[in-house]
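1. below are the sequence and a predicted model; questions follow.
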Amino acid sequence: MADLPNHVRKLVAEIETEIGEAGSNGHVAEAIQGSGSLHEPGGPVEEAVREILVEVGEDPDRPGLRGTPDRVHRMYAELTAGYHVDPDRLVNDAIYDVGYSEMVVVKDIPFYSLCEHHLLPFFGNASVAYIPKGRVIGLSKIPRVVEMYARRLQVQERMTQQIAEFLDDRLGPQGVGVVIEATHLCAVMRGIRKPGTIMTTASVLGLFRTRDRTRAEFYSHLERRPPSS
């Protein structure tokens, strides 16, 4: 991780650990202090962005666009920081032996990702549930797992499976369920151009797949709205 740009390194640390929490390597995560410059300004990404600007009929040297190649480079480095997250540092021993065997649900986790087909954003909410088999994971780790996979070039179906498989592998639970609902700008801004279209994907493992009642309980939790504050 040492060769990453400073602002991306801080973002990776933020995903892996709580601010102020020491990770497994003794490093204490810091809050992101804004975007620093990349280690290699004027590299291939910047050159590619300049070529795109020329191809669409723009002048990359005009004042408003002069810094755009560098900004785009830094943006993509930040939006794909999930590739550099160490899963072990993310979990950071926050798996506990607890004699609890009822469903745990964490829902309405916001995320932003990039569609790998058009490099346009898709965004929405993820809901994650699992039924422990003697082990539970710290609450904050589940949104961090979502963030780790969202900050990559993605398709929603694969991202849904990756989250479910990660928890299944780390916890060995009785079952895992993940549902993601998202808006894809590739369907809103271009192509079919249908604002308001929502894509829903689900991945269910273990009891969530084999027992209809368990799956129905999970979906019923998703329909309940939190009490008004």
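-> It's in.
2. and the pLDDT for residue 15?
-> We have a pLDDT of 87 for residue 15.
3. list phi and psi for the closest residue to residue 205 other than its chain neighbours.
-> Setting aside the residues directly before and after it, residue 205 is nearest to residue 176 in space (C-beta to C-beta, 6 or more residues apart in numbering), at 4.6 Å. Placement of C-beta: from N, CA and C, glycine included. Backbone geometry at residue 176, expressed as degrees, to the nearest 10, gives phi -140, psi 140.
4. so what's residue 176 bridging to?
-> With DSSP bridges applied, the residues forming beta bridges to residue 176 are residue 130, residue 205.
5. OK, contacts around it?
-> Going by C-beta atoms under 8 Å, 6 or more residues apart in numbering, residue 176 touches 128-130, 164, 167-168, 203-206, 208.
6. check the gap between it and residue 156 for me.
-> If you measure residue 176 against residue 156 using C-beta to C-beta, to the nearest Å, the figure is 17 Å.
7. now the contacts of residue 176 in TSV, with distance to residue 89?
-> Below are these laid out as TSV (distance: C-beta to C-beta, whole Å):
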residue	distance to residue 89
128	20
129	24
130	21
164	21
167	17
168	20
203	24
204	28
205	24
206	26
208	28
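8. farthest pair in these?
-> Looking at the contacts of residue 176 by C-beta to C-beta, the two members farthest from one another are 128 and 206, with 13.6 Å of separation.
9. so which elements touch the helix ranked longest in the chain?
-> Secondary structure assigned by DSSP state H gives helix 156-171 as the longest helix of the chain. Other elements packing on helix 156-171 under the criterion 3 or more C-beta pairs under 8 Å, 6 or more residues apart in numbering; DSSP states H and E are helix 87-91, strand 121-131, strand 135-137, helix 141-150, strand 175-184, strand 199-206.
10. many thanks, I have nothing further to ask.
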